[in-house]
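Q: give the three-dimensional model of this entry:
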Amino acid sequence: MTHKRVSRDDSDSETDASQPCPKRGKQPARTSNEQPPSAAGPSRPQRKVGASRNKALVSRSAFDLDLPNEGFALEPVHDRLVMKKGKINPNPIHEPPRSKDYTRNQAGVFDHRICDPADDATAEFIDDDRFQSLFQLDYYNSAILCKKHPVVPQKWIDWQHCVNLGCPDMDKALATLERCGFKDLLTMQYPWNTEVIAQFYATVWYEAPSEEQHEIVHFRIQGCNYSVSYGRFAAILGFGPEDLAKPLLRASSDDVLRGSTDDVDLSYCYYDHASESDMFTTHNMKKYYRYINLLVRQAICPKIGSASSILSNVKTLLMIEIVTKKEFSNKERDEYYRPVKIDETAKKKRGRKPSKPQHQSPPQPQSSGI
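A: The predicted model follows:
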């Protein structure tokens with residue numbers, strides 16, 4: 001099996017922050033006269049988080065930036081698209097390779113996401129118009145179709161309910177999210193179709209960007225190939241070119257373990273008495289940041305399921321219907337989410353709940369023998 005990596009201009013493209021960074025080499029040992037870096041720091045724990053900050057990007061172009069994103073009618077698709085197992089060609093010229101299970105083999109997925117499936121030599125083994133390669137078919141059958149709930153439902157935030165809580169920290173969090181352009185994403189209600197979302201995640205692959213060109217997202221729905229640039233995708237969600245030019249931030253515990261990015265202090269999110277083990281959790285995190293994390297986790301990136309879980313992602317289906325100019329039927333609706341006010345004084349109960357004592361009948365008086 002051969003793959004061909006696609007790129008607009010390999011000579012002029014910069015390293016994408018979304019791609020895995022090489023591991024950092026060993027640091028030189030400190031001499032006996034050198035002081036450790038933490039000696040001059042504050043007394044509270046300083047947990048560093050990996051982050052990559054790119055300089056403001058130049059204005060990039062794409063083939064679809066001038067296409068309309070609203071004001072046109074969608075062609076209704078009356079066929080009820082339901083999930084069904086991908087078919088293998090029963091009479092291939094050559095013997096097909098063994099099917100792969102991608103439920104836990106997420107590391108093997110990355111290479112296929114940056115390669116054009118049209119160059120894949122395994123197309124002859126497929127008898128299903130939805131897919132172009134054995135990888136796409138195997139990923140659909142193993143990582144998506146086998147699950148009882150293949151698509152993780154997302155929720156939309158009841159914004160007015162959050163305002164009515166009357167919590168200053170919640171009000172501050174809402175103001176920050178609205179100022180950064182997240183309100184429409186958090187409150188968006190858009191019915192989604194499970195099969196369309198599944199086909200998108202099974203067939204999606206990415207064409208690398210360059211200094212002049214946006215990254216391109218390619219996907220396949222019902223046997224037809226489509227593509228959309230990052231610039232147009234952002235415009236569909238209500239973001240402009242100025243948003244794409246902002247610094248790219250990435251922060252996760254995995255980056256810290258790899259040591260692959262510059263260090264940025266995140267201890268400001270926590271109270272002074274927070275310990276090292278509290279970092280990257282909500283324990284002893286300030287309420288303002290807890291509310292932001294809570295709302296984003298529910299509506300944009302739910303922390304549910306395994307790495308192979310896919311989201312209902314109403315934003316993705318909105319993009320798909322605008323790009324394909326089709327309106328799919330058999331849709332499901334997301335539920336609303338109404339958070340409760342965080343009480344930092346309440347103690348969390350841990351461990352198993354005590355079992356209820358079994359009912360015992362009162363002792364009967366013993367009869368005396370005659």
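Q: what's the burial count for the closest residue to Gly181 other than its chain neighbours?
A: Once its chain neighbours are removed from consideration, Gly181 has its nearest residue in Phe239; the separation is 6.2 Å (CB to CB, 6 or more residues apart in numbering). For every residue, glycine as well, the C-beta is placed using N, CA and C. Other residues near Phe239 come to 16 when the count uses other CB atoms under 10 Å.
Q: hang on, isn't Phe239 packed against Cys180?
A: No - Phe239 lies out of contact with Cys180 (CB atoms under 8 Å); the separation is 10.3 Å.
Q: any idea which element Tyr201 lies in?
A: Using DSSP states H and E, Tyr201 sits in helix 194-203.
Q: contact partners of the helix or strand just after that helix?
A: As assigned by DSSP H and E, the chain's next helix or strand after helix 194-203 is strand 205-207. Residues outside strand 205-207 that contact it (CB atoms under 8 Å, 6 or more residues apart in numbering) are 6-8, 112-117, 215-219, 227.
Q: show me where the stretch 1-150 of the chain has its strands.
A: Per DSSP state E, counting those that start in this stretch, the stretch 1-150 of the chain has strands spanning 48-51, 75-77. These are given in chain order.
Q: compare these and say which comes out lowest on pLDDT.
A: Among the strands of the stretch 1-150 of the chain, strand 48-51 carries the lowest mean pLDDT, a mean of 44.
Q: tally of neighbours for Pro209?
A: Applying the criterion other CB under 10 Å, we find 23 residues in the vicinity of Pro209.
Q: surely it meets Leu244?
A: No - with contact defined as CB under 8 Å, Pro209 and Leu244 do not form a contacting pair (10.6 Å).
Q: how about the helices in this protein?
A: For the chain, helices defined by DSSP state H occupy the ranges 134-139, 159-164, 168-179, 183-187, 194-203, 230-236, 241-244, 253-258, 287-299, 314-324.
Q: for those, give me CSV that also has distance to Asn330 and mean pLDDT.
A: Putting the helices of the chain into CSV (distance: least, CB to CB, whole Å; pLDDT from 0 to 100) gives the following:
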stretch, distance to Asn330, mean pLDDT
helix 134-139, 22, 94
helix 159-164, 29, 96
helix 168-179, 32, 95
helix 183-187, 24, 89
helix 194-203, 8, 92
helix 230-236, 22, 92
helix 241-244, 33, 82
helix 253-258, 37, 48
helix 287-299, 23, 91
helix 314-324, 12, 86
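Q: pick the most deeply packed of those helices.
A: helix 134-139 (a mean of 25; mean count of other CB atoms under 10 Å).
Q: ok, residues contacting it?
A: Counting by CB under 8 Å, 6+ apart, helix 134-139 makes contact with 86, 88, 96-97, 99-102, 109, 112, 117, 120, 122, 125-126, 128, 130-131, 202-203, 220, all of which sit outside it.
Q: picking up where we left off before, just the buried subset of the contacts of strand 205-207, please.
A: Buried members of the contacts of strand 205-207, counted by 16 or more other CB atoms under 10 Å: Val6, Arg8, His112, Ile114, Cys115, Pro117, Glu215, Ile216, Val217, His218, Phe219, Ser227.
Q: shaky segments in the chain?
A: Scanning the chain for pLDDT under 70 picks out 1-58, 248-264, 302-314, 346-370.
Q: tell me which two in the contacts of strand 205-207 are the farthest apart.
A: Pairwise distances among the contacts of strand 205-207 were taken by CB to CB; the largest, 19.5 Å, belongs to Arg8 and His112.
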